[in-house]
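Asker: Sequence and predicted model, in that order:
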Protein chains: 2
Amino acid sequence: MKTEKLDLLIVHKKLEEMDGWKIEEEKWLLKKYRFRSYLDGISFVNKIAELSEKENHHPFISIDYVVITLKLSSWRANGITELDLKLIEEYDQLYRKITEQL
Amino acid sequence: MKTEKLDLLIVHKKLEEMDGWKIEEEKWLLKKYRFRSYLDGISFVNKIAELSEKENHHPFISIDYVVITLKLSSWRANGITELDLKLIEEYDQLYRKITEQL
């Protein structure tokens, strides 16, 4: 169930509740996170990496100084799945944890 | 001296001695590193981050599962400098350390 491609209307509705997530090419979820320092961003990357291994679902991560971009899809489903929507909530939680500690 | 833009002929000559580095748009140095596991790649990213803070010179880093791409330039010089050439040697050393430990 969690690994079936979702209708994009469902995805759009979910993203309305969230902050900063965009859909690209109808199959990618993308968000840019900004940090106060480079090493805060690197801490976030490490948390994301740990979660990705646990879930065996690895987003593309790019590090442009204090801006970290995450890009996520389910390639097996060729689109966005419930798992992706669950994970982006967890990414946001990890971001809040790191930025609220400061 | 280390922060002046170098002639591209000098950069090309240096890259001939090295493995896998390419020049993009006449001002970027780019290389893709492949790892045996996701977490090896993440270890490499942490080493690169540590070095980048020490040198106050931060490459773009992208993580696509086991492939880590580094992209480097000196924006103040609007091109490639001696510092960039020194750093790419250090990146390769860090890569060798991680992959030889396995």
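Answerer: Perfect, thanks for sending it. This one's a predicted model, so the numbers in the text were calculated from it and none came from an experiment.

Asker: List the contacts of A:G20.
Answerer: A:K31, A:K32, A:Y33 (C-beta atoms under 8 Å, 6 or more residues apart in numbering or on different chains). Yep, even glycine has a C-beta here, placed from its N, CA and C like the rest.

Asker: How about the backbone phi and psi for the nearest residue to the last one once chain neighbours are set aside?
Answerer: I take that to be A:Y33. Once flanking residues are discounted, A:Y33 sits nearest to A:I68: 4.8 Å by C-beta to C-beta, 6 or more residues apart in numbering or on different chains. Main-chain dihedrals, A:I68, degrees, to the nearest 10: phi -110, psi 130.

Asker: To what extent is A:I68 buried, counted in neighbours?
Answerer: 23 (other C-beta atoms under 10 Å in any protein chain shown).

Asker: Kindly report the same for A:E90.
Answerer: For A:E90, the tally of surrounding residues (other C-beta under 10 Å) stands at 14.

Asker: how about low-confidence regions in chain A?
Answerer: Along chain A, segments meeting pLDDT under 70 span A:1, A:101-102.

Asker: interface residues of it facing chain B?
Answerer: By the rule C-beta under 8 Å from any C-beta of the partner chain, the part of chain A lying against chain B is A:38-39, A:42, A:45-46, A:49, A:52-53, A:58, A:60-65.

Asker: Strands - which of these land there?
Answerer: A:F60, A:I61, A:S62, A:I63, A:D64 (DSSP state E).

Asker: Got a PyMOL select line for the buried ones in those residues?
Answerer: In PyMOL syntax, the buried subset of these is picked out as below (16 or more other C-beta atoms under 10 Å in any protein chain shown):
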select buried, chain A and resi 61+62+63
